[in-house]
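Engineer: return atomic coordinates for the entry below.
(2 chains)
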Amino acid sequence: MIQLKNIYKWVNTGGNKTFLLRNINLTINEGEFVSIMGPSGSGKSTLLNVVGMLDPFDEGDYFFLEKNVKDLKEKHRSQLYKEHIGFIFQAYHLIDELTVFENIETPLLYRDMKSSERKSLVSDMLDRFNIVGKKDLFPAQLSGGQQQSVGIARALIDNPKLLLADEPTGNLNSKQGEEIMELFSKLNRENDVTIIQVTHSEKNASYGSRVVNLLDGRIERTSTDQTK
Amino acid sequence: MPAFCDRYVEWTKNSSTYHEIYLTPLKDIHLHSNFNQEAEVNGNGQMVSFLFLIAIFIICIAWVNYINLSTARSVERAKEVGMKKVLGAIRSDLVKQFLVENFILNALGLVFSIGLFYLLLSAFDSFAGRDGVTGISLTASYWRIFILIFISGTFLSGLYPAFVLSNFTPIKVLKGIFKNSSGGVALRKSLIVLQFVITVVLIAGTVIVYQQVQYMRKQNLGVNINQTLILDGPSTLRDSLYEAIYQPFKTELLQQAGIKNVSASSNVMGQEIYWTNGSRQLSAPKEANVTLYNLGVDYDFIPAYDLKLKGGRNFSRAFGTDKKTAILNERAMDVLGFKDAKEAINSKIKRQGDTLTVVGIVANFHHQGLQKIIDPMIILPRPNMRRFYSIKIGSGSPKNTVAAVEKLWSKYFPGDPFTYFFLDDSYNEQYKTDILFGKVFSMFALLAILIACSGLLGLSAYNILQRNKEIGIRKVLGASVQNILLLLSKDFIRLIIISLVLALPVGWYAMNRWLQDFAYRIDIQWWVFAMAGLSALLIAGITIVFQTMKTVVENPVKSLRSE
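Structural biologist: Residues are numbered from 1 along each chain as shown, chains lettered A, B, ... in the order given. Model prediction:
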């Protein structure tokens, strides 16, 4: 599904190049549950952003579903990630002025969908996550775990093939974190959703089938979890 | 006063009519009073106050802008505030700091604008047609008011942001969790509406002023004033010698190529007539006297100017009794109480002790500009009238014709200066004030648009800043550039449409007031406001798009990265 070949990304700091990603070679197949780990500043989030086509890279090739992302025009690229990728952020990034319902609905606004269609999809998602009673509340009125649930619901509303999660449990306590990881597992097992998560926690990584370790922008090692 | 009168105005005691003398303040003569035979042509007092009012409005827009923009900027400085508070600053320290900064900024602006003012003064003089006026001397009271406005403006505009800013709680600010009060939002929104109401009214007003002036200049006057050379008649000749000299002069004039007609009158079009008398129908009682405006003409005047006779005839040598006759315009016919031309012709009127026979009725014509109503006129035969000569010119260059006429003039009237002007030019001078008003008005409209748009620029920048995160999220979720643009402009567009709706009655009322000053005026058409509103909308739209474009096209990750 995803093929990264010799990906480099750098920023120019006063004449010198500071590498964010160095010589990344990675292949991820459909149905995998991959965890990207590494210390702060190792480039985990950057890698995730590159995969999610939110951030451009400077050198190398990126094949998503057999298509070379570099060859695509901006419009096609955004079409691609709109259709197939869902993003979950550490800080949830909900829109504070909108209700839970409206937040979950937001991705659907940018597809060609009738209002009634949207409503039914959102209602279904609310039910799946058991937050129907909270649909008219604002993010500020929810707990961290609930907010993250809304964030996940929003990422899933369009049935993405690929889910990218940037430290999804970073702001949650252990119990909430567990619930989230259980959810991910379920999605991966039952719905065949490919998941790539960035995480600090070994425990979270254990839910996945593969771990990729980054250090200073380079892949240190990859390992597969024997138990999966 | 009485002693003054007794000393200098002896005739008051002797004459049989009652005279009253009173003082008019000198400054009123230029702007306010409008009596006959004044020393100077009137500027228009009402127009000056109108413009002053508009200037005040523009200052208000600028103040409003300042408050809005500095409040918006305050968000950028919130971090500074939070940090300083953590390091030990108390609120009053910060308020003082912001007020001082504000004052310095305003002082710089003041110095700059005074310099600009003197620089532009000469340009404005030529723009406004004030040649020969060397400058403006500003009185002490003016400076007092100026300083007052400056200080209060600085203080007020600095106060609100200073207090809003210094209020931020450090932790909240550093974490980026602060939210601006909803009251502030309502204030900002109503200020935008105010700005755009003023802008739309000014744009529409400019168009209406232009329309009115064009209307006046294009109207059919009922008299042909084109291609007419007017000469000031010779005054030094004694009456007894006059006719012997004038007749050959006229004959030789008519022989010149390019001269079609020569006639004489007591006044020409575009001039105010001071010569008035009371008249009435012969059969009517003394109380029925109405004021008629006199015009003395020779036999050639009425045909030369293509004045239309609605009944009766022109004066003519053929009718020996023409000395005690008169021609009325339709207006005079009405005020004297005649039903129609048929009734008026050959009836008699009493004028100042004389009995005159009405021999003709001439159709109403605009002796003066369309700002004035048509006065009731009585035209009297004065074959030897010599105040103004009207020379109708045909083909040929005007310059050559004038030279030829001047040559003849010096031949026949060597003792009199040759003074001439072209009638259509001098007639159009009547519209000079209104044209000037239109120009200044349009300048103000431009100024208002600029200020309102800069305010809009600032506010949309603020808006984007506030919603930076939201924009990034939406982009990640699939929003296109157009989607985001629409989202951000939606609120502003709505406000401007509200402004349009409000501007219509305000503008209509204001422009109607202004139009009341004109006897002949246009009807205000609603589409002028629609057009003004649409152009304001367009300009505002371009401003917003321009401001938001950069941010919206940006990489969404950038806005999310700071989290």
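Engineer: give me the secondary structure label for the spatially most central residue of chain B.
Structural biologist: In chain B, the C-alpha closest to the average C-alpha coordinate belongs to B:Phe437, at a distance of 2.5 Å (CA atoms, centre = their mean). Under DSSP: H, G, I helix; E, B strand; the rest coil, the three-state class of B:Phe437 is helix.
Engineer: before we move on, what about B:Ile349?
Structural biologist: Here B:Ile349 is recorded as strand under three-state DSSP.
Engineer: list the contacts of the spatially most central residue of chain A.
Structural biologist: Nearest residue to the geometric centre of chain A (CA atoms, centre = their mean): A:Leu164, 1.6 Å. By CB atoms under 8 Å, 6 or more residues apart in numbering or on different chains, the residues touching A:Leu164 are A:48, A:51-52, A:85-88, A:195-197. In short, each C-beta sits where N, CA and C put it, glycine included.
Engineer: pLDDT score for it?
Structural biologist: pLDDT, A:Leu164: 91.
Engineer: same check, this time on the one 5 residues further on
Structural biologist: Model confidence at A:Thr169, expressed as pLDDT, equals 84.
Engineer: pull the distance from the longest helix out of those in chain A to the chain's centre.
Structural biologist: Using DSSP state H, we find that the single longest helix of chain A is helix A:174-190. Using CA atoms, centre = their mean, to the nearest Å, the distance from the centre of helix A:174-190 to the centre of the chain it belongs to is 14 Å.
Engineer: thinking again about what came up before, tell me which element the residue nearest to the centre of chain A is part of?
Structural biologist: Per DSSP states H and E, A:Leu164 falls inside strand A:162-166.
Engineer: direction included, what does that strand pair up with?
Structural biologist: Take DSSP bridges as the rule and strand A:162-166 pairs in its sheet with strand A:85-88 (parallel), strand A:194-198 (parallel).
Engineer: returning to that earlier point: mind checking the SS state of the nearest residue in space to the residue nearest to the centre of chain B that is not next to it in sequence?
Structural biologist: Leaving aside its chain neighbours, B:Phe437 sits nearest to B:Met47 (5.2 Å; criterion: CB to CB, 6 or more residues apart in numbering or on different chains). The three-state assignment at B:Met47 reads helix, by three-state DSSP.
Engineer: ok, which stretches of chain A are helices?
Structural biologist: Going by DSSP H, chain A shows helices at A:44-51, A:74-84, A:100-109, A:115-128, A:144-156, A:174-190, A:202-205.
Engineer: just the C-alpha atoms of the last one, please, in PDB.
Structural biologist: Extracted C-alpha coordinates of helix A:202-205, given in PDB (Å, rounded to 0.1, in the frame of the first residue of the first chain):
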ATOM      1  CA  GLU A 202       6.000   0.400  24.600                       C
ATOM      2  CA  LYS A 203       2.700  -0.800  25.800                       C
ATOM      3  CA  ASN A 204       0.900   0.900  23.000                       C
ATOM      4  CA  ALA A 205       3.400  -0.400  20.500                       C
END
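Engineer: would you map the strands across chain B?
Structural biologist: Using DSSP state E, the strands found in chain B span residues B:228-232, B:259-265, B:276-281, B:290-297, B:309-312, B:325-329, B:348-351, B:354-362, B:377-381, B:388-393, B:420-422.
Engineer: can you list these in a markdown table and add mean neighbour count and distance to B:Leu159?
Structural biologist: Below are those laid out as a markdown table (neighbours: other CB atoms under 10 Å in any protein chain shown; distance: least, CB to CB, whole Å):
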| stretch | mean neighbour count | distance to B:Leu159 |
| --- | --- | --- |
| strand B:228-232 | 20 | 63 |
| strand B:259-265 | 21 | 67 |
| strand B:276-281 | 18 | 61 |
| strand B:290-297 | 20 | 60 |
| strand B:309-312 | 18 | 71 |
| strand B:325-329 | 25 | 65 |
| strand B:348-351 | 18 | 71 |
| strand B:354-362 | 20 | 68 |
| strand B:377-381 | 23 | 63 |
| strand B:388-393 | 22 | 65 |
| strand B:420-422 | 16 | 59 |
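Engineer: close enough to count as contact, the residue nearest to the centre of chain B and B:Val209?
Structural biologist: Yes: with contact defined as CB atoms under 8 Å, B:Phe437 counts as touching B:Val209 (6.3 Å).
Engineer: quick check: closest non-adjacent residue to B:Glu330.
Structural biologist: Nearest non-adjacent residue to B:Glu330 (CB to CB, 6+ apart): B:Asn364, at 4.7 Å.
Engineer: residues touching that neighbour, list them.
Structural biologist: B:222, B:329-331, B:374.
Engineer: mind showing which ranges of the chain have poor pLDDT?
Structural biologist: Went with chain A since none was named. Chain A contains residues with pLDDT under 70 at A:224-228.
Engineer: wrong one, I was asking about chain B
Structural biologist: B:1-46, B:72-76, B:128-138, B:168-184, B:321-322, B:554-563.
Engineer: quick revisit: so which of the contacts of A:Leu164 is the closest to A:Ser174?
Structural biologist: A:Ser174 has its nearest neighbour among the contacts of A:Leu164 in A:Gln197, at 16.6 Å by CB to CB.
Engineer: who does the closest residue to the closest one other than its chain neighbours form a beta bridge with?
Structural biologist: What sits nearest to A:Gln197 in space, not counting adjacent residues and going by CB to CB, 6+ apart, is A:Ala165, at 4.2 Å. Beta-bridge pairing for A:Ala165 (DSSP bridges): A:Ile88, A:Gln197.
Engineer: measure A:Ala165 to chain B for me?
Structural biologist: Distance, A:Ala165 to chain B, by CB to the nearest CB, to the nearest Å: 13 Å.
Engineer: dump the residue contacts of that residue.
Structural biologist: Counting by CB under 8 Å, 6+ apart, A:Ala165 makes contact with A:87-88, A:184, A:195-198.
Engineer: hmm, 10 Å instead?
Structural biologist: Contacts for A:Ala165 were tallied using CB atoms under 10 Å, 6 or more residues apart in numbering or on different chains; they are A:35-36, A:48, A:86-90, A:148, A:151-152, A:155, A:180-181, A:184, A:195-199, A:204.
Engineer: next one: B:Asn102
Structural biologist: Counting by CB under 10 Å, 6+ apart, B:Asn102 has contacts B:66, B:70, B:154-155, B:157-159, B:161-162.
Engineer: just the closest of the contacts of A:Leu164 to chain B, please.
Structural biologist: Taking CB to the nearest CB as the measure, chain B lies nearest A:Phe87 of the contacts of A:Leu164, at 5.6 Å.
Engineer: how many other residues sit next to the residue nearest to B:Phe437?
Structural biologist: Using other CB atoms under 10 Å in any protein chain shown, B:Met47 has 18 neighbouring residues.
Engineer: that one contacts B:Leu436, correct?
Structural biologist: Yes: the criterion here is CB atoms under 10 Å, and B:Met47 meets it with B:Leu436 at 8.7 Å.
Engineer: show me what B:Leu229 is bridged to.
Structural biologist: Going by DSSP bridges, B:Leu229 forms beta bridges with B:Ile391, B:Phe422.
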